[in-house]
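A.B. asks: Structural data only, the sequence is not supplied:
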C-alpha cells in the first residue's frame with residue numbers, strides 16, 4: 001500500500017509564508033512526478049506546482065515567483081515553500097505522486113489527505 005502524508009499548513013496573515021511537506025511511503029518502485037494541487041470552497045481542484053524526478057518544474061501562473069517546489073528523490077518527499085501569501089491562496093492543499101509500484105510500466109496517481117492553508121487579510 002502507498003501512503004502520502006502531508007504536514008505543515010495553517011493560518012497566516014497576508015504577506016506571510018508557510019511551508020507544506022509531503023512524504024510518500026509504502027510499495028514504491030519509482031516516482032515520476034510529485035506535486036501539489038489545491039481546492040478552495042466552491043471551486044475545482046487546481047494545479048499549484050509539480051516537479052519531476054529530473055527536477056523540471058511547472059507552476060500555476062497565479063503562484064509563479066511566490067511559491068517554490070522542491071523534492072528529495074532519496075526520501076520520496078516534496079515540499080512547497082509559499083511566500084507572499086494572499087487571501088486567494090486559501091484552500092486545502094493536496095499532495096500527489098505519480099508512481100510505479102514495481103517494474104511493470106504501470107503508473108498510479110496517489111493523493112494525500114489534504115492540509116488546510118488559510119491566509120487572512
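C.D. replies: Noted; the coordinates are in hand. Note that this is a predicted model, so its numbers are computed, not measured.
A.B. asks: What distance do you get for the residue nearest to residue 58 when sequence neighbours are not counted to residue 36?
C.D. replies: Closest residue to residue 58 apart from its sequence neighbours, by C-beta to C-beta, 6 or more residues apart in numbering: residue 50 at 5.1 Å. Glycine gets a C-beta too; all of them are placed from N, C-alpha and C. Computed as C-beta to C-beta, to the nearest Å, the residue 50 to residue 36 distance reads 8 Å.
A.B. asks: more crowded one of these two?
C.D. replies: residue 36 (27 against 20; other C-beta atoms under 10 Å).
A.B. asks: Just checking: what are the partner strands of the strand or helix carrying that one?
C.D. replies: For residue 36, the element it lies in under DSSP states H and E is strand 30-39. Sheet pairing for strand 30-39, assigned by DSSP bridges, gives strand 46-52 (antiparallel), strand 91-100 (antiparallel).
A.B. asks: So which residues make contact with that strand?
C.D. replies: 20, 22, 24, 45-53, 58, 69, 71, 73, 76, 78, 80, 89, 91-100, 107, 114, 117 (C-beta atoms under 8 Å, 6 or more residues apart in numbering).
A.B. asks: Using PyMOL, make a named selection holding only the buried ones among these.
C.D. replies: Only the buried entries of these go into this PyMOL selection, using 16 or more other C-beta atoms under 10 Å:
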select buried, resi 20+22+24+48+49+50+51+69+71+76+78+80+89+91+92+93+94+95+96+97+98+99+100+114+117
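A.B. asks: Now do the nearest residue to residue 63 once chain neighbours are set aside, the pLDDT please.
C.D. replies: Of all residues not flanking residue 63 in the chain, residue 48 sits nearest, at 5.9 Å (C-beta to C-beta, 6+ apart). Residue 48 carries a pLDDT value of 98.
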